[in-house]
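**Q** need the 3D shape of this:
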Amino acid sequence: QAALVESGGGLVEAGGSLQLSCTASMRTNAYAMGWFRRAPGKEREFVAAISWNEITTYYADSVKGRFTVSRHNPEKSVYLQMNDLNPEDTGIYYCAADQTDNLLKAGAESGFWGQGTQVVVSS
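**A** Below is the predicted model of the structure:
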């Protein structure tokens, strides 16, 4: 059973930075990988994704220019560098992997999901 484990969440002041990490139990070079988040009282939403070969990245409009997604397949890992954080970025951040970029961005049930890591941005 494939597993994804996130780390790096925490409490940060507005304007600060955090880097999230996600390590997979399976080889990742066949999967698109990315991040979603769920803010308190809201639905889960797409944040960022990166293609299996690192050529293409995708971002939600709300994080463009502030967040950067990257990956390192030999370490079976994907990262999310978050800069200039604001309270609206507060939520549980989930790592995900799926067979195609589009399935990943859609949050399809075919994907693998981590348990999430909490990010709290104070004003």
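**Q** bridging residues for the most centrally placed residue in the chain?
**A** With distances taken as CA atoms, centre = their mean, the residue of the chain nearest its centroid is Trp35 (2.1 Å). Going by DSSP bridges, Trp35 is paired in beta bridges with Ala48, Cys95.
**Q** next, the contact list for it, please.
**A** 20, 22, 47-49, 69, 78, 80, 93-96 (CB atoms under 8 Å, 6 or more residues apart in numbering). Placement of C-beta: from N, CA and C, glycine included.
**Q** quick check: it vs Ala48, distance?
**A** 5 Å (CB to CB, to the nearest Å).
**Q** between these two, which contacts overlap?
**A** Here Trp35 and Ala48 have 69, 80 as joint contacts, going by CB under 8 Å, 6+ apart.
**Q** looking at the contacts of Trp35, which has the most residues close by?
**A** Compared across the contacts of Trp35, Val78 has the highest neighbour count, 29 neighbours, by other CB atoms under 10 Å.
**Q** how close does that residue get to Gly15?
**A** Applying CB to CB to Val78 and Gly15 gives a distance of 25 Å.
**Q** how about Glu6?
**A** In this view, Glu6 and Gly15 are 23 Å apart by CB to CB.
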